[in-house]
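Peer 1: what's the 3D shape of this:
(one chain, ligands or ions: 1)
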Amino acid sequence: MQTTLLFAFAVCFAAIAVTSTAAQDGRNAQKTEQQEQRMKFAIAIHGGAGPSSKQASDEANRARIGSMRQALDIGKGILEKGGTSLDAVEAVVIFLEDDPKFNAGRGAVFTADGSHELDASIMDGRTGACGAVAGVRRVKNPIRLARLVMTDSPHVLLSGEGADHFGELKQVELVENSYFDTPETRAKWEERKKQKLDNPQSMIQVEDVGYFGTVGCVALDENGDLAAATSTGGMTAKQFGRVGDSPIIGAGTFADNETCAVSCTGKGEEFIRRVVAFDIVAQMRYANRTLQESVQHTLRETLKPNDGGIIAIDRLGHISMEYNTPGMARAAADSSGRYDVLWSDAKETEPAKK
Ligand code: ASP
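Peer 2: Residues are numbered from 1 along each chain as shown. All right, here's what the predicted structure looks like:
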């Protein structure tokens with residue numbers, strides 16, 4: 001009898017304990033959900049790491065910030081209407097590729113032999129699918145071709161003539177290589193021609209860095225899907241078919257729904273050596289660091305001063321935009337009303353238009 005009673009008590013006690021643990025779990029889950037509330041959308045853009053806005057005229061500052069704002073409005077508009085993060089990052093990068101103020105598409109820097117070779121990549125954080133092109137010479141919008149490599153080929157990275165030919169087959173818009181020329185990039189190339197070009201290392205010396213102007217975009221959409229895209233003309237006077245980090249998945253670009261989406265800008269060789277974009281993902285995934293901690297750790301501990309900048313968005317919509325160069329043109333918006341367009345100290349911030 002006594003044993004039966006004891007057993008009944010034990011069962012009751014266990015039931016209460018289980019119920020209260022379940023209730024506690026429920027409360028915890030609720031709390032975590034509240035704490036971890038995901039933005040409906042978030043987007044960040046960079047227009048290249050490089051000099052400070054102080055090194056440019058007011059007019060140049062206004063023009064660059066104006067373009068960044070237009071790019072931000074395009075991406076934000078797509079996400080607000082429920083569009084996908086992939087469509088948003090592609091549209092933003094296409095806009096910036098068409099803008100001659102940036103070192104991507106029209107406005108791409110000159111190679112040593114006086115032409116242009118373009119690199120781009122895109123990644124879908126939901127599926128891990130990705131596509132990239134390197135050294136294309138005739139494709140007006142390399143990011144569009146990178147997306148087609150992702151969706152319409154079994155490959156990840158196509159280069160040179162083969163990539164241009166794939167563009168032809170896919171009927172993307174083709175242009176003469178001279179379409180990418182601008183007077184500013186030509187002047188920079190002329191200047192470089194006067195210097196020694198025979199040492200490949202000279203291209204990436206700190207004092208020669210100048211304005212990078214690469215473009216990139218990361219976004220989170222209402223489905224919780226992340227995407228990243230990057231496009232560049234590379235470095236002025238690059239030679240021997242040099243390829244930077246921008247078309248290298250894991251170095252210049254990465255997206256993973258569980259952690260974050262990343263797009264980098266800076267000295268490509270350093271970003272490739274340190275596998276920078278994936279390094280941010282790995283810190284979040286394996287070391288439990290926040291997005292901001294991961295980005296800062298990479299910029300301060302892994303990269304060297306003046307190497308470049310990083311934009312990233314985590315799965316909840318937190319945004320990080322950091323650089324260790326004097327400046328980085330950048331912009332960000334999210335569903336809470338954030339709307340920032342900045343280039344080092346030149347800043348334009350206003351609430352989102354409802
Ligand atoms: N990362 C690019 C490259 O090395 C350049 C840049 O970001 O400005 O090709």
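
Peer 1: which residues does the closest residue to Arg126 other than its chain neighbours contact?
Peer 2: Counting by Cβ to Cβ, 6 or more residues apart in numbering, Arg126 lies nearest to Asp225, which is 4.5 Å off, once chain neighbours are set aside. Placement of C-beta: from N, CA and C, glycine included. By Cβ atoms under 8 Å, 6 or more residues apart in numbering, the contact set of Asp225 is Thr84, Ser85, Leu86, Asp124, Gly125, Arg126, Asn257.

Peer 1: The second one reaches Ala219, doesn't it?
Peer 2: What that stands for is Ser85. Yes: under the contact definition of Cβ atoms under 8 Å, Ser85 touches Ala219, with a separation of 3.9 Å.

Peer 1: Overlap of the contact sets of these two?
Peer 2: Taking Cβ under 8 Å, 6+ apart as the contact rule, the neighbours common to Ser85 and Ala219 are Leu79, Leu226, Ala227, Ala261.

Peer 1: could I get those residues as JSON lines with distance to Arg242 and pLDDT?
Peer 2: Shown next, in JSON lines, are the shared contacts of Ser85 and Ala219 (distance: Cβ to Cβ, whole Å; pLDDT from 0 to 100):
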{"residue": "Leu79", "distance to Arg242": "35", "pLDDT": "98"}
{"residue": "Leu226", "distance to Arg242": "29", "pLDDT": "98"}
{"residue": "Ala227", "distance to Arg242": "27", "pLDDT": "99"}
{"residue": "Ala261", "distance to Arg242": "26", "pLDDT": "99"}
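
Peer 1: ok, so of those, who is nearest the ligand?
Peer 2: Closest approach between those and the ligand, by Cβ to the nearest ligand atom: Ala261, at 16.9 Å.

Peer 1: quick one: which helix or strand includes the spatially most central residue of the chain?
Peer 2: The residue lying closest to the centre of the chain (Cα atoms, centre = their mean) is Ser263, at 2.1 Å. Applying DSSP states H and E as the criterion places Ser263 in strand 260-266.

Peer 1: And Arg330, by the same measure?
Peer 2: Using DSSP H and E, Arg330 falls in strand 327-334.

Peer 1: same question, Glu222
Peer 2: When elements are assigned from DSSP H and E, Glu222 belongs to no helix and no strand.

Peer 1: Next, find the distance separating Val215 from Pro326.
Peer 2: 18 Å (Cβ to Cβ, to the nearest Å).

Peer 1: out of the two, which sits in the more crowded spot?
Peer 2: Per other Cβ atoms under 10 Å, whichever of Val215 and Pro326 has more neighbours is Val215, with 35 against 16.

Peer 1: Might you report the residue contacts of that one?
Peer 2: 45-48, 71, 92-93, 96-97, 102-104, 230-232.

Peer 1: What's the separation between the residue nearest to Arg126 and Lys193?
Peer 2: Asp225 sits 45 Å away from Lys193, going by Cβ to Cβ.

Peer 1: ok so, going back, partner strands of the very next helix or strand once past the strand holding Arg330, parallel or antiparallel?
Peer 2: Using DSSP H and E, the helix or strand that follows strand 327-334 in sequence is strand 339-343. Sheet pairing for strand 339-343, assigned by DSSP bridges, gives strand 327-334 (antiparallel), strand 346-349 (antiparallel).

Peer 1: Lowest average confidence across the ones you listed, which one?
Peer 2: For the strands paired with strand 339-343, the weakest mean pLDDT is recorded on strand 346-349, namely a mean of 52.

Peer 1: How many residues are close by the spatially closest residue to Gly308 that is not a sequence neighbour?
Peer 2: Distances taken as Cβ to Cβ, 6+ apart place Gly266 nearest to Gly308, at 1.4 Å, with adjacent residues excluded. As a burial measure, Gly266 scores 29 neighbours (other Cβ under 10 Å).

Peer 1: quick revisit: can you list the strands that the strand holding Ser263 pairs with?
Peer 2: Strand pairing (DSSP bridges) places strand 260-266 next to strand 253-255 (antiparallel), strand 308-314 (antiparallel).

Peer 1: and Glu36, which of those strands is closest to it?
Peer 2: strand 308-314 (10.3 Å; Cβ to Cβ).
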